[in-house]
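Trainee: quick one, what's the 3D model for this:
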Amino acid sequence: MRNLFIALYLITQYGSAQNSIYARAFNFFNVENAPGGVIAIGQGDSIIFKKAYGLANLETGAKIDFETIFNVGSVTKQFTCFAMMLLEQEGKINWEDDVRKYIPELPFYGDTIRLKHCAQHTSGLRDCYGLLMLSDLEHDSLLTAEKALNVILNQPSSSFPPGKHYDYNNSGFVLMAEVIKRVSGLDFPDFMKERVFKPLEMQSAFVKNSAKVESKNSATSYRNLEENAKPSQIFESIYGACNIYMNLEDAIKWFQYQNNPSQQHNVIFAKMATQARLNNGNYLDYGYGVDLTPYKGLSVIHHFGQANGFRTIFARFPGSETYFIGMNNANTIDKMEDAMYLITDSIFQLEAKQEWKFDTADYSIKEIDSTELKKFVGDFKLPRNKVVSTFIYKNRLYAFAPWGEDYPLYYLGNNEFACEIGTVTFKFKEGKLKKMVIPHSIFKINGRLLNPSETKGVKNNELLGTYYCKDADATFEIKIEDCKLVLQHKEYGSIPLTQFKTLSFHLNNLWINKLWFTKEKGHITSFKIPLSEYEKLTFLKQ
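Mentor: Residues are numbered from 1 along each chain as shown. Here you go, the predicted structure:
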């Protein structure tokens, strides 16, 4: 209670300062004729800040408002766990139960996978989304909950024994949605509507279970936050892990109810925020469908959501009943997260970390044509078997980092570029690109250019052929295009292969970035690609 009074005092005393902070925190949304989002910051039953930005649909010009409906992505997971706990209170399930008690078709992998493992990302199950992305299914056809369940139930093995590791995973939540259906007698979308959304008067909220979202207020998903952004269509209705939709008003109702729940539901929310524990006794910063990673000593119950271009942050600071909601259709999560923590620092008077902020105004940016830019494109080998790749998009050079982020590079002249991590320099020898020098906090990292047109220690024709993985029902072909080795998939097209080691190759692709060939008795027999940190899928040469 003391923290609540302190926070309320700070808000009333520094209202004008807060308005300035909000303007600074969310100025990234100020792009004309572009997608946008909605933000709400509240405390208890009070709304501190609430605003809508940008367009819900670029084609029609419809603006985003507080009634605009967004896909909340993986924020869905906390609603699935809440639904499961309603059944637990009725004595219909127990988190210690074997999943196979309700879904006996699930193979037994040698250890009992319990319901709690599914909710806490410790099940060891292979991720259904990763498997479906690799499959030979047409990606513009609808991926349904039934297809996802079928993939899960047909896996011959798991990645690790349940409870051994934390490995973020969607399959467990797909299984929980099926458990809810079998125990309650209601399909998951109907259960959520009748048992969760209606009682809380969340009138806009629903679970997507069809090809299209039948709502005139739904935002369109876009690839980025810029004028004339391209749509990022969603061809799936897999639920349990994702695909709950709602507007800002209903998101606020969800948080306000958590701040003042019924006694029955207070027990549920408390349990959802208990830390998971691994078999070795170590605690995780994850509970039941919620992330519990603290921020500067503050307890935070939060989750991020991603569904194509939809991005969501739900965060609650239980000590002060403060909450933050951010939803956008512009494929923007990092800036929204930065904004949340900037405001958190201000509300709770936390010492803000003094960080260098990148601003192109601090540099003398020069024009460079696309032909000249091409000489800076390549894959560069870094220490610890990492690769950074450069590519051109809309006449701008970008660096694709090993952790999956794209960084725009702004030309300074003399083979130097400014970017968020500092000044990047490209080194040439006799007119040929050789290195990319990347700044580091202490030293500079030299990235050696990898040559995609040559291989050493193995001949290209040894690698050529068709490869198939039964577990994912996926087919790839290794072939040569324009004198370069490529991985061909009917949905992804041709992805260049760049040799890293004799039988290890790098791919500049978000879903598949590494590939390892296996050679037995002088012949290439298969290759492996990573499905997760603990799992590689094997593709046999046909």
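
Trainee: you'd agree residue 498 is up against residue 513?
Mentor: No. Under the criterion of Cβ atoms under 8 Å, residue 498 makes no contact with residue 513, lying 10.7 Å away. C-beta: built from backbone N, CA, C; applies to glycine.

Trainee: mutual contacts of the two, please.
Mentor: 387, 506-507 (Cβ atoms under 8 Å, 6 or more residues apart in numbering).

Trainee: for ChimeraX, what selects the buried ones among those?
Mentor: In ChimeraX syntax, the buried subset of the shared contacts of residue 498 and residue 513 is picked out as below (16 or more other Cβ atoms under 10 Å):
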select :387,506,507
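
Trainee: just put the shared contacts of residue 498 and residue 513 in a markdown table and tack on distance to residue 224.
Mentor: Below are the shared contacts of residue 498 and residue 513 laid out as a markdown table (distance: Cβ to Cβ, whole Å):
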| residue | distance to residue 224 |
| --- | --- |
| 387 | 23 |
| 506 | 25 |
| 507 | 22 |
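
Trainee: all helices for the stretch 1-150 of the chain, in order.
Mentor: In the stretch 1-150 of the chain, the segments counted as helices under DSSP state H, counting those that start in this stretch are 2-13, 15-25, 76-89, 115-119, 128-134, 145-153.

Trainee: mean neighbour count, those: which tops it?
Mentor: Highest mean neighbour count of the helices of the stretch 1-150 of the chain: helix 115-119, a mean of 25 (counted as mean count of other Cβ atoms under 10 Å).

Trainee: check the helices of the stretch 1-150 of the chain for me: which has the lowest mean pLDDT.
Mentor: When the helices of the stretch 1-150 of the chain are ranked by mean pLDDT, helix 2-13 comes last with a mean of 48.

Trainee: just name the closest of the shared contacts of residue 498 and residue 513 to residue 206, please.
Mentor: residue 507 (37.6 Å; Cβ to Cβ).

Trainee: now do the end-to-end distance for stretch 101-110.
Mentor: Terminal residues of stretch 101-110 lie 15 Å apart, using Cα to Cα, to the nearest Å.

Trainee: pull out the buried residues from that stretch.
Mentor: For stretch 101-110, by 16+ other Cβ under 10 Å, it's 102-103, 106, 109.

Trainee: before we move on, what about stretch 494-508?
Mentor: Neighbour-count burial for stretch 494-508 flags 495-500, 503, 505-508 (criterion: 16+ other Cβ under 10 Å).

Trainee: contacts for that stretch?
Mentor: If you take Cβ under 8 Å, 6+ apart as the criterion, stretch 494-508 is touched by 379, 381, 385, 387, 389, 391, 400, 450-452, 454-458, 478-479, 481, 484-489, 509, 512-519.

Trainee: please apply the same query to stretch 392-409.
Mentor: Residues from elsewhere that reach stretch 392-409, judged by Cβ under 8 Å, 6+ apart: 334, 369-370, 373-374, 376-377, 382, 386-391, 411, 417-421, 424, 508, 510.

Trainee: at 7 Å instead, please
Mentor: 370, 373-374, 376-377, 386-391, 417, 419-421, 424, 508, 510 (Cβ atoms under 7 Å, 6 or more residues apart in numbering).

Trainee: next: stretch 161-177.
Mentor: Residues from elsewhere that reach stretch 161-177, judged by Cβ under 7 Å, 6+ apart: 77, 80, 84, 99, 103, 111-115, 117-119, 121-129, 145, 148-149, 152, 159, 188, 238-241, 278-279, 284, 286, 532-534.

Trainee: got it, and stretch 136-151?
Mentor: Under Cβ under 7 Å, 6+ apart, the answer for stretch 136-151 is 128, 131-132, 174, 177-178, 211, 235-239, 473-475, 490-491.

Trainee: leaving out the residues flanking it, which one is nearest to residue 192?
Mentor: The spatial neighbour of residue 192 that comes closest, neighbours along the chain excluded (Cβ to Cβ, 6 or more residues apart in numbering), is residue 207 at 5.2 Å.

Trainee: do residue 33 as well
Mentor: residue 227 (4.7 Å).

Trainee: what sits against that neighbour?
Mentor: Neighbouring residues of residue 227 by Cβ under 7 Å, 6+ apart: 31-34.

Trainee: ok, so of these, who is nearest residue 91?
Mentor: After measuring the contacts of residue 227 against residue 91 - Cβ to Cβ - the closest member comes out as residue 34, at 50.7 Å.

Trainee: what's the burial count for the residue nearest to residue 192?
Mentor: Each residue near residue 207 was counted by other Cβ atoms under 10 Å, and the total is 25.

Trainee: how about it, what does it touch?
Mentor: By Cβ under 7 Å, 6+ apart, the neighbours of residue 207 are 188-189, 192, 239, 243-244.

Trainee: circling back: to residue 55, which of the helices of the stretch 1-150 of the chain lies closest?
Mentor: Nearest of those (Cβ to Cβ): helix 15-25, 19.9 Å.

Trainee: now the contacts of residue 227 in TSV, with pLDDT, neighbour count and distance to residue 44?
Mentor: Shown next, in TSV, are those (pLDDT from 0 to 100; neighbours: other Cβ atoms under 10 Å; distance: Cβ to Cβ, whole Å):
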residue	pLDDT	neighbour count	distance to residue 44
31	93	18	33
32	93	8	36
33	94	12	37
34	96	20	34
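
Trainee: mind checking how far whatever helix or strand residue 434 lives in is from the chain centre?
Mentor: When elements are assigned from DSSP states H and E, residue 434 belongs to strand 432-438. Distance of strand 432-438 from its chain centroid, counting by Cα atoms, centre = their mean, to the nearest Å, is 31 Å.

Trainee: as a quick check, tell me the outermost residue of the chain.
Mentor: Distance from the C-alpha centroid of the chain, by Cα atoms, centre = their mean, peaks at residue 430 (42.2 Å).

Trainee: how many neighbours does the residue nearest to residue 187 when sequence neighbours are not counted have?
Mentor: Using Cβ to Cβ, 6+ apart and skipping the chain neighbours, the partner closest in space to residue 187 is residue 181 (5.6 Å). The burial count assigned to residue 181 is 18, neighbours taken as other Cβ under 10 Å.

Trainee: going forward, begin numbering at 20 instead of 1
Mentor: OK, 20 is where the count begins now, so the last one is residue 200.

Trainee: name the element residue 200 belongs to?
Mentor: For residue 200, the element it lies in under DSSP H and E is helix 190-203.

Trainee: and that helix, what's its mean pLDDT?
Mentor: What helix 190-203 shows for mean pLDDT is 98.

Trainee: so how far is that helix from its chain's centroid?
Mentor: On Cα atoms, centre = their mean, the centre of helix 190-203 falls 22 Å from the chain's centre.
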